[in-house]
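Chemist: Test case, fold it:
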Amino acid sequence: MRKERLIVPVLAALTVVWLVAQLVSSVLFERSLSQALADLEARGEWRVKRISSDPGWLSSQGSILLSPLLGRPWRLELNYDARHGVLASDITGTLRPRLDGALQQAVGNVSAPSVPRWEGRYHTYTGRSEMHVALAPLVITQHGRELAVKGARLQLRGVYGDWRLNAGLDQLTLTDHDARLALGPVTLESRYTYIDGAYHFNQHDKLRIEQLTLSHPKLDLAFAPLVVHTDMALDERELRIDGELTLDDVLLTEEAPDTSALNGRVEVTLSRLNADAVRRVFAQLRQETAWGDSDMPVAEGVLQRLEPALLDVLADSPRLDIRQIALKSPLLGIPVEANGALFFDARALDELSITALDQPAMQARFLDRLDGDITWHEAPTVAALWLGLPLNARELTFDLVKGTWRVNGRALPDW
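Modeler: Residues are numbered from 1 along each chain as shown. You can find the predicted model right below:
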């Protein structure tokens, strides 16, 4: 009898625990989603808006609108339906791209067999989230041009402060009458770590294109493979960007299909971009978006209002280090081993204007502030011949003085 009398309270207690766990799961899901959207917007590149939200104990539904912060050539509507469990929430949804009128007219007809769908999972007590997207083949046609995309997929996973993205593409083909560009498979690996509000962040990206081919009546090229690494870090003092490009082989498929025209590696670093000014630019962009409306998210004249902060980004005299150029052309028998650095003179920034950069006089002012040098080590004799230098010159130093290039103290020849 005593055991039977205990059943009802135990069941009641379990029911209460389950209801509380469901509520906690729903609340934590909603909080994590809001935090993730705020973090995405904090980068200063995207405009994020929740156009609908219906949270609940057992399930939550809603829609999110994502668009570039500057202008609005396209928008992506992400719909979600989350089913909450005690330990995790399972999420499904759809992706609906929207093009503005001008871009829709430029793109033309789009053919896709179904609306793209996605699925994901949010782990309630660890805060870890996962999202998977697989897109059906897509074809866009316009006036004899065709863009075909096959096998596009994306996986996003992580927790607050640390997100990883893996994307892939089996093939992309662009056809324009007699010309054809094809690339694939393509993979992208990315990791983004940050603190609250993206005050400091690090982003590491690796893009690998296994094969890229260009077919044109006047030129046929093939790249296999092409790899790009970038590391971007914003700390207390500066925004720093490291980049590396690796080419295994570039082939002239008609003229010399068996001999590489170019291969090698280039490594560069851009540094001394003022960190406080970069953060002010991001903050102003977010403010401009808040002032905008649904049709014009950023008001006219934004570049003029951003100009003081953009010029302040240059206040610490940015530096471009060419850490290594290691290229060679077996087809031409020319190796290139070079390094160097270029600098921007940041004195009297009030004499410069970014809004007037379309004017030759202002372009000349910016170029006049560039200095530096690049040294080509063990240059071949033919390079000295091209540049009008003594044929025994084996080290070529290209000096940039107030925007004007010289080589080994001499003016570059007019070609």
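
Chemist: Neighbours of residue 194, how many?
Modeler: Using other C-beta atoms under 10 Å, residue 194 is surrounded by 19 other residues. Every C-beta, even on glycine, is put in place using the N, C-alpha and C of the backbone.

Chemist: Now do the same contact list for it.
Modeler: Counting by C-beta atoms under 8 Å, 6 or more residues apart in numbering, residue 194 touches 39, 42, 161, 200, 201, 202.

Chemist: repeat that for 7 Å
Modeler: For residue 194, the contact set (C-beta atoms under 7 Å, 6 or more residues apart in numbering) comprises 39, 161, 200, 201.

Chemist: Sort out for me which of the residues you listed are in strands.
Modeler: Here DSSP state E is the test, and the contacts of residue 194 give residue 201 as lying in strands.

Chemist: Could you identify the buried members of the contacts of residue 194?
Modeler: Buried members of the contacts of residue 194, scored by 16 or more other C-beta atoms under 10 Å, are 39, 201.

Chemist: Closest to residue 60 out of the contacts of residue 194?
Modeler: Comparing the contacts of residue 194 against residue 60 with C-beta to C-beta places residue 39 closest, at 19.4 Å.

Chemist: pLDDT wise, what is the nearest residue to residue 129 once chain neighbours are set aside at?
Modeler: Closest residue to residue 129 apart from its sequence neighbours, by C-beta to C-beta, 6 or more residues apart in numbering: residue 122 at 4.9 Å. Residue 122 carries a pLDDT value of 83.

Chemist: Who is residue 122 paired with across the strands?
Modeler: residue 89, residue 129 (DSSP bridges).

Chemist: which residues sit in contact with it?
Modeler: Contacts for residue 122 were tallied using C-beta under 7 Å, 6+ apart; they are 29, 32, 88, 89, 91, 129.

Chemist: how would you label the fifth one: helix, strand or coil?
Modeler: Following DSSP: H, G, I helix; E, B strand; the rest coil, the label given to residue 91 is strand.

Chemist: wait, doesn't it sit right on residue 79?
Modeler: No: under the criterion of C-beta atoms under 7 Å, residue 91 makes no contact with residue 79, lying 10.5 Å away.

Chemist: Please say which of the two ends up with more neighbours.
Modeler: Set residue 91 next to residue 79 and count neighbours by other C-beta under 10 Å: residue 91 wins out with 22 against 18.

Chemist: how close does that one get to residue 117?
Modeler: Separation of residue 91 from residue 117 (C-beta to C-beta, to the nearest Å): 11 Å.

Chemist: same deal with residue 411?
Modeler: Counting by C-beta to C-beta, the gap from residue 411 to residue 117 is 62 Å.

Chemist: In terms of neighbours, single out the busier of those two.
Modeler: More crowded of residue 411 and residue 117, by other C-beta under 10 Å: residue 117, with 15 against 10.

Chemist: List the beta-bridge partners for that one.
Modeler: With DSSP bridges as the rule, residue 117 is bridged to residue 94, residue 134.

Chemist: Am I right that it is in contact with residue 94?
Modeler: Yes: look at residue 117 against residue 94 with C-beta under 7 Å: they come within range, at 5.4 Å.

Chemist: List the contacts of the residue nearest the centre of the chain.
Modeler: The residue lying closest to the centre of the chain (C-alpha atoms, centre = their mean) is residue 205, at 8.3 Å. Going by C-beta under 7 Å, 6+ apart, residue 205 touches 188, 190, 230.

Chemist: pLDDT at residue 1, what is it?
Modeler: Value for residue 1, per-residue pLDDT: 47.

Chemist: Could I get the contacts of residue 194 in TSV, plus columns for pLDDT and distance to residue 303?
Modeler: Shown next, in TSV, are the contacts of residue 194 (pLDDT from 0 to 100; distance: C-beta to C-beta, whole Å):
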residue	pLDDT	distance to residue 303
39	72	26
161	85	32
200	90	27
201	91	24
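
Chemist: Can you name the two of the contacts of residue 194 that sit furthest apart?
Modeler: By the measure C-beta to C-beta, 39 and 200 form the most distant pair in the contacts of residue 194, at 12.7 Å.

Chemist: Tell me the helix or strand right after the host helix or strand of residue 222.
Modeler: Residue 222 is part of strand 219-223 when elements are defined by DSSP states H and E. The element immediately downstream of strand 219-223 (helix or strand, assigned by DSSP H and E) is strand 226-234.

Chemist: ok, residues contacting that next one?
Modeler: By C-beta under 7 Å, 6+ apart, the list of residues contacting strand 226-234 from outside reads 200-209, 212, 240-247, 275, 278.

Chemist: Pull up the pairing partners for the longest strand anywhere in the chain, direction included.
Modeler: In the chain, ranked by residue count with DSSP E as the criterion, the top strand is strand 256-274. Strand 256-274 pairs in its sheet with strand 238-252 (antiparallel), strand 319-329 (antiparallel), by DSSP bridges.

Chemist: Point out the one among these that comes closest to residue 68.
Modeler: strand 238-252 (19.9 Å).

Chemist: Buried residues of the closest one, list them for me.
Modeler: Within strand 238-252, the residues that qualify as buried are 238-247, 250-252, counting by 16+ other C-beta under 10 Å.

Chemist: and if you look at stretch 313-332?
Modeler: For stretch 313-332, a neighbour-count test (16+ other C-beta under 10 Å) marks 313, 314, 316, 318, 319, 320, 321, 322, 325, 327, 329, 331 as buried.

Chemist: same question for it, mean pLDDT?
Modeler: Average pLDDT, stretch 313-332: 94.

Chemist: same deal with stretch 65-78?
Modeler: Across stretch 65-78, pLDDT averages out at 72.

Chemist: before we move on, the earlier item: would you convert the strands paired with strand 256-274 into TSV that also reports distance to residue 176?
Modeler: Converted to TSV, the strands paired with strand 256-274 look like this (distance: least, C-beta to C-beta, whole Å):
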stretch	distance to residue 176
strand 238-252	21
strand 319-329	29
